[in-house]
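1. how would this look folded up:
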Amino acid sequence: MNVDFVDKRYSFDNRAEWEKDKTSLKLDFPNLPYYLDGNIRLTQSNTILRYLAGKHELDGSTEEEKLRVSLAEQQISDLRGSLIQLSYNDNFEKLKPDFVAQVPSQLKLVANFLGSRKFLAGDSVTYVDFMAYHVIDFFKYLIPNLLSNFPNLKDYQERVRNLPELRKYLKSPAYKSWPLFSPAAQFGGKGPEPKQ
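-> Predicted structure coming up:
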C-alpha cells in the first residue's frame, strides 16, 4: 500500500510511557495497537485492519467477496486466538501435544475454503490474506512441517509472500520475524528463533 505511518513501540519493561500516552490519545478503548488518522482514533487489530482495507480497497469488491473476507477474518482470528491462549498458558508444554493434534483439522477448513482460488476472497488480494499469511507463519514455528499435507495452502503462502510490496517488507530491517509475542509468553516470547 506504500502508506507512510509512525510505528511507535512501547517497551515491556517500561509501562510508564504507555500509561502516560493512553490517557492523552483520547482513544475510546485505550489499548495496543492503536491507529490515528486525523480525527479517526482506533484500537483493536482487526478494526484497524478493516479501516485500512476499506480505505485502500483491500476489503473485497463484490458482496460475495466481502462475505468471504468476513468469514475468513473470523476463522483466522479464532486460529490466532487459540495460539495466543496456548502460548501464554503456564501449562504450555503439557497442553501442546493435544493442541498440535487439533491444528490440522482447523487448517483443513481454511484449505477447503481457499480451494483453487488465488486468494481467500477470490482473484484479488484482501487484508485477510495478510492476516492468514501471518497466522499460518506463526503456526509454522510450532509445527514446522505444517503445510506438507496442504499443498494449496503452501502455494497460497508462497503467492502471498511474493506479492511485491510484502516481499520487499519481509526483506527490510523493519520486519521482525521473532519474537512472536511478549516476553511473558511460554512460547514465541523469548529465546532463539526456532526453525520453521
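2. Residue 128 contacts residue 120, correct?
-> Yes - judged on C-beta atoms under 8 Å, residue 128 makes contact with residue 120 at a distance of 5.2 Å. The way it works is simple: take the backbone N, C-alpha and C, and place the C-beta from them, glycine included.
3. any common contacting residues for the two?
-> In terms of C-beta atoms under 8 Å, 6 or more residues apart in numbering, residue 128 and residue 120 are both contacted by the residues 69, 72.
4. thought residue 50 was touching residue 127?
-> Yes - with contact defined as C-beta under 8 Å, residue 50 reaches residue 127; the gap is 7.2 Å.
5. Share the number of residues neighbouring the closest residue to residue 80 other than its chain neighbours, please.
-> Nearest residue to residue 80, sequence neighbours excluded (C-beta to C-beta, 6 or more residues apart in numbering): residue 135, at 4.7 Å. Using other C-beta atoms under 10 Å, residue 135 has 20 neighbouring residues.
6. got a list of what residue 135 touches?
-> 76, 79-80, 83.
7. just checking, residue 27 touches residue 41?
-> Yes - contact status for residue 27 versus residue 41: in contact at 5.3 Å, counting by C-beta under 8 Å.
8. Please enumerate the shared neighbours of these two.
-> With C-beta under 8 Å, 6+ apart as the test, residue 27 and residue 41 both reach residue 34.
9. list the buried ones in the longest helix that the chain contains?
-> In the chain, assigned by DSSP state H, the helix with the most residues is helix 63-87. By neighbour count on 16 or more other C-beta atoms under 10 Å, the buried set for helix 63-87 is 65, 68-69, 72-73, 75-76, 79-80, 82-84, 86-87.
10. Return the closest of these with respect to residue 194.
-> Checking the buried residues of helix 63-87 against residue 194 with C-beta to C-beta, the nearest one is residue 87 at 12.8 Å.
11. distance of the closest one from residue 76?
-> Note on residue 87: its distance to residue 76, by C-beta to C-beta, to the nearest Å, is 16 Å.
12. In the chain, where is pLDDT below threshold?
-> Scanning the chain with the threshold set as pLDDT under 70 gives 1.
13. now the strands for it?
-> 34-37, 40-43 (DSSP state E).
14. Between those, which one is closest to residue 170.
-> Per C-beta to C-beta, nearest to residue 170 of these: strand 34-37, 21.6 Å.
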